[in-house]
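In: After the sequence you'll find the predicted model.
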Amino acid sequence: MSAEFFVDGRRCVFLHIPKTGGNWVEAALRSLDLDGFNLMLGLRERHNLFHHQLADAYSFCFVRHPVSWYESCFKFQTAQGWRKASDYNPDGWHPWGGLDECRADDFGDFVANCARLQPGFVTRMYESYTGPDGAERVNAIGRQEHLAADLFEVLTTLGVDVALDDLQSLDPVLVSDSVETSWPADQLAVIRQLESPTIDRYHYG
């Protein structure tokens with residue numbers, strides 16, 4: 001879990017799926033006067049999958065369109081010099097550790113490697129947090145494309161006094177550098193097909 005806080009004594013937990021706007025969500029939550037707010041610092045703690053820790057808690061997370069996720073991942077990794085999972089954690093764990101073998105300097109080569117070596121990676125990663133369609137392990141799943149509005153809905157559902165305008169006025173956080181991510185038409189079609197469970201599940205069309 002990335003952050004936790006309490007509303008009327010109920011524990012609330014934010015699960016940070018990488019490259020889905022989680023740093024902005026953390027900043028937004030930090031800006032509010034939330035009871036017992038605690039932001040996790042270690043990478044394993046921020047991105048962990050220990051769902052047994054969520055018992056009796058209200059949990060929420062965000063996803064983004066898989067096509068956009070691959071673009072964001074490539075931009076981030078290119079800017080970072082393609083850090084491996086073992087660079088983040090001594091035990092080699094990272095939510096996208098499976099993509100270590102897909103490294104490429106060209107975006108088209110990267111997504112081709114992903115399709116060949118880790119087909120449907122984004123769908124599998126999302127499900128490791130959310131659970132499969134129809135058997136969700138979290139209470140609410142927002143979309144990165146509507147961060148402020150979806151976070152507002154989560155918070156108002158919990159009973160937090162917050163204004164949508166205030167959330168919408170917050171600055172972006174850690175936006176990846178501009179890196180060329182032109183999609184080869186054939187690879188775009190392949191990725192869309194491989195990630196169709198997520199595209200359909202979250203009504204991306």
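Out: Happy to help now that I have it. Numbering: from 1, shown residues only.

In: Would you mind listing the buried residues in stretch 148-168?
Out: Neighbour-count burial for stretch 148-168 flags 148, 150-152, 154-155, 158, 160, 162, 167 (criterion: 16 or more other CB atoms under 10 Å). Backbone N, C-alpha and C define where each C-beta goes, glycine included.

In: now this protein, which segments are flagged as low pLDDT?
Out: 1, 42-47, 49-53, 174-177 (pLDDT under 70).

In: same thing but at 80, please
Out: 1, 41-55, 85-93, 174-178 (pLDDT under 80).

In: Mind checking what helix or strand follows the top helix by length along the chain in sequence?
Out: The longest helix of the chain (DSSP state H) is helix 66-80. Per DSSP states H and E, the first helix or strand lying C-terminal to helix 66-80 is helix 85-88.

In: Output that next one as CSV, nothing but the C-alphas.
Out: Taking Å, rounded to 0.1, in the frame of the first residue of the first chain, the C-alpha atoms of helix 85-88 are listed here in CSV:
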residue,chain,number,x,y,z
ALA,A,85,14.1,-4.5,-10.6
SER,A,86,17.2,-5.4,-8.6
ASP,A,87,18.3,-1.8,-8.8
TYR,A,88,15.2,-0.9,-6.8
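
In: Tell me the first helix or strand C-terminal of that helix.
Out: Assigned by DSSP H and E, the successor of helix 85-88 is helix 107-117.

In: elements contacting that next one?
Out: helix 66-80, helix 185-194 (3 or more CB pairs under 8 Å, 6 or more residues apart in numbering; DSSP states H and E).

In: what angle sits between that helix and helix 185-194?
Out: 40 degrees (axes from the mean of the first three to the mean of the last three CA atoms, to 10 degrees).

In: if we can go back for a sec, could I get the buried residues of stretch 148-168 as TSV with secondary structure and distance to residue 84?
Out: TSV is the format used below for the buried residues of stretch 148-168 (DSSP: H, G, I helix; E, B strand; the rest coil; distance: CB to CB, whole Å):
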residue	secondary structure	distance to residue 84
148	helix	33
150	helix	32
151	helix	31
152	helix	37
154	helix	33
155	helix	36
158	helix	37
160	coil	38
162	coil	39
167	helix	35
